[in-house]
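Visitor: Task: produce atomic coordinates for the following.
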Amino acid sequence: MIPRAGWRGVRHAGGMDASSDDAFDDAAARRLLEVGKREEELREEFRVDGPEWERTSVSHYTAYAAMIHEEGGWRQLFPAVPFEEEARLDLGAVLRARGAHAGEFAGRFGRAADAVERGEDQVIIAEDVFRMVRVEQTVIMTSHGPQTPRAGDREFPDELDERPGAGD
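Guide: Below is the predicted model:
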């Protein structure tokens with residue numbers, strides 16, 4: 001009989017001689033299967049390769065950010081930055097920071113960060129959907145030229161910036 005993959009012990013007539021760190025964790029395997037099933041459902045719900053949306057505004061330039069889908073909808077993780085590569089590195093840093101406190105999912109956050117930095121536009125970890133996004137920045141034009149800043153203008157809130165070291 002051939003020993004099963006993943007067991008370092010040697011098969012004897014009485015069964016497998018495995019050390020305790022080689023024991024198969026049925027509960028952990030079931031959790032990973034459940035998480036994988038949910039991730040596939042979320043991939044279908046939040047498709048990246050959907051139809052092109054019709055533009056409703058003129059864009060003078062494009063910036064980039066990342067968003068997470070939460071119970072109430074999508075939330076931006078950090079302010080838009082002018083370069084896609086910079087936004088990918090920022091999302092990678094956010095994912096690694098989250099992974100530092102993710103227990104059994106820590107490795108998945110690290111692999112997701114690597115994938116985003118290599119060009120993946122969306123990663124899903126358990127219930128969290130992270131997506132790279134384009135942010136169209138526009139200049140509001142009036143009959144007198146470009147509109148100046150207004151008292152009610154809002155900058156990206158520091159408390160929502162998830163990049164490590166942001167707001168320090």
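
Visitor: Rounded mean pLDDT for stretch 71-89, please.
Guide: Mean per-residue pLDDT for stretch 71-89: 93.

Visitor: Show residues contacting that stretch.
Guide: Stretch 71-89 has contacts (Cβ atoms under 8 Å, 6 or more residues apart in numbering) with 61, 63-68, 90-91, 94, 116-117, 119, 130-133, 135, 137, 155-156, 160-163, 166. All C-beta spots, glycine's among them, are computed from the backbone N, C-alpha and C.

Visitor: Is there a quick ChimeraX command that grabs whichever of the residues you listed are buried?
Guide: Here is the ChimeraX command that selects the buried residues among these (16 or more other Cβ atoms under 10 Å):
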select :63,64,65,66,67,68,90,91,94,116,130,131,132,133,135,161,162,163,166
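
Visitor: which ones among the contacts of stretch 71-89 are found in helices?
Guide: 90-91, 94, 116-117 (DSSP state H).

Visitor: Give the buried residues for the helix ranked longest in the chain.
Guide: For the chain, the longest helix by residue count, based on DSSP H, is helix 26-45. For helix 26-45, a neighbour-count test (16+ other Cβ under 10 Å) marks 35, 39, 42 as buried.
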